[in-house]
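Engineer: missing the sequence, but the structure's below:
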């Protein structure tokens, strides 16, 4: 007689998946506040280089376990990874530069535009349809973001009175939005751990190239313990931990529903700042935040309304911030 196949382990309940994503979104949200706190402690390029370096070293055991020791990608594969890491490097460089002159809330709000811009890039590069849910969510997110950035003042909006830091971060978001379409376009079937490791490693290469002339001028002894602790926190919790959490949940919820959690960053940043004793923005300015959260609800409903077939998992969300 044939033996019955062993019972497969049941997936965790849906509420547990959403709870894990809430944890991941909270960790990513702290990166805006932590980044703001350490942005002036070190040159933005060098700060990003150290963060990438720590994260790369932490990924080595996982990469070795996945591919075996001493195995290197072909030159053409390094080219693929370098294209992806290039947009990440530019985003984080611009992020730390922007946080010198803007607020954590403003950056988190502007970042909510990334999924919509990414969808536009995907429509052009990958010929994907945005769909009415994502278009509606994009409209809400943009409305809420503009409301917060311009403090609900129509005259400021008309005259485009944006701070320099906001403009710098928005430019960085234009690069970050290209990240997911590039991953989908350039992925060749390798594991996400392998791809992530080499994206980080080639990112270190880009940052060394940019930062090499700046290194002699860095007074390492004057870098504060607070700055080192912040960089370590960003590398471990906002990079490594969020990568594994989002990769695990994406396998079960799909990338669209996971992506929707980025709309929670502004209210989470508000809560984090409030817990740290920082004042909340005025009620009129803060009215844009619930509008952005509405974009998340629409995306979640749209994803659940589609076919229950599992979505293609080709998206890495561990390096949003």
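Structural biologist: Nice, I can see it. Please read these numbers as outputs of a predicted model, since none were measured by experiment. Numbering: from 1, shown residues only.

Engineer: all helices of the stretch 1-150 of the chain, in order?
Structural biologist: 14-38, 44-67, 75-98, 104-111, 114-125, 131-149 (DSSP state H, counting those that start in this stretch).

Engineer: now the angle between helix 75-98 and the fourth one, please.
Structural biologist: Counting by axes from the mean of the first three to the mean of the last three Cα atoms, to 10 degrees, helix 104-111 lies at 140 degrees to helix 75-98.

Engineer: now swap in the longest one and tell me
Structural biologist: Here helix 14-38 runs at 60 degrees with respect to helix 75-98, directions being taken by the same axes, to 10 degrees.

Engineer: who's in contact with helix 14-38?
Structural biologist: 47, 95-96, 99, 103-105, 107-108, 111, 226-227, 230-231, 233-234, 237-238, 241-242, 245-246, 248-249, 252-253, 258, 261-262, 264-265, 268-269, 272-273, 276, 317, 320-321 (Cβ atoms under 8 Å, 6 or more residues apart in numbering). Using the backbone N, CA and C atoms, a C-beta is placed for each residue, glycine as well.

Engineer: Enumerate the positions of that helix that are buried.
Structural biologist: For helix 14-38, burial by neighbour count (16 or more other Cβ atoms under 10 Å) applies to 17-18, 20-21, 24-38.

Engineer: Then the fifth one?
Structural biologist: For helix 114-125, the buried set under the neighbour-count rule, 16+ other Cβ under 10 Å, comprises 114, 115, 116, 117, 118, 119, 120, 121, 122.

Engineer: Just the pLDDT at the first one, thanks.
Structural biologist: Residue 114 carries a pLDDT score of 85 in this model.

Engineer: wouldn't it be in contact with residue 172 here?
Structural biologist: No: in this structure, residue 114 is not within contact of residue 172 by Cβ atoms under 8 Å, at 9.7 Å.

Engineer: which neighbours do these two share?
Structural biologist: By Cβ under 8 Å, 6+ apart, no residue touches both residue 114 and residue 172.

Engineer: among the buried residues of helix 114-125, which two are most distant?
Structural biologist: 114 and 122 (12.1 Å; Cβ to Cβ).

Engineer: In space, what's closest to residue 178 - neighbours in sequence excluded?
Structural biologist: residue 87 (4.9 Å; Cβ to Cβ, 6 or more residues apart in numbering).

Engineer: can you pull the contacts of the one you found?
Structural biologist: 175, 176, 178, 179, 182.

Engineer: Look at it and report its pLDDT.
Structural biologist: 94.

Engineer: now stretch 239-257, how far from the chain's geometric center?
Structural biologist: 12 Å (Cα atoms, centre = their mean, to the nearest Å).

Engineer: how about that stretch: buried residues?
Structural biologist: 239-240, 242-243, 245-247, 249-257.

Engineer: mind listing what residue 40 touches?
Structural biologist: Per Cβ under 8 Å, 6+ apart, neighbours of residue 40: residue 100.

Engineer: So what does it look like in phi/psi?
Structural biologist: With angles defined as degrees, to the nearest 10, residue 40 sits at phi -90, psi 0.

Engineer: For it, give its distance to residue 96.
Structural biologist: 9 Å (Cβ to Cβ, to the nearest Å).

Engineer: and what of residue 148?
Structural biologist: Residue 148 is 21 Å from residue 96, by Cβ to Cβ.

Engineer: outside of stretch 195-206, which residues touch it?
Structural biologist: 49, 52-53, 55-56, 59-60, 62-63, 73, 77-78, 81-82, 84-86, 88-89, 183, 187, 243, 316, 318-319.
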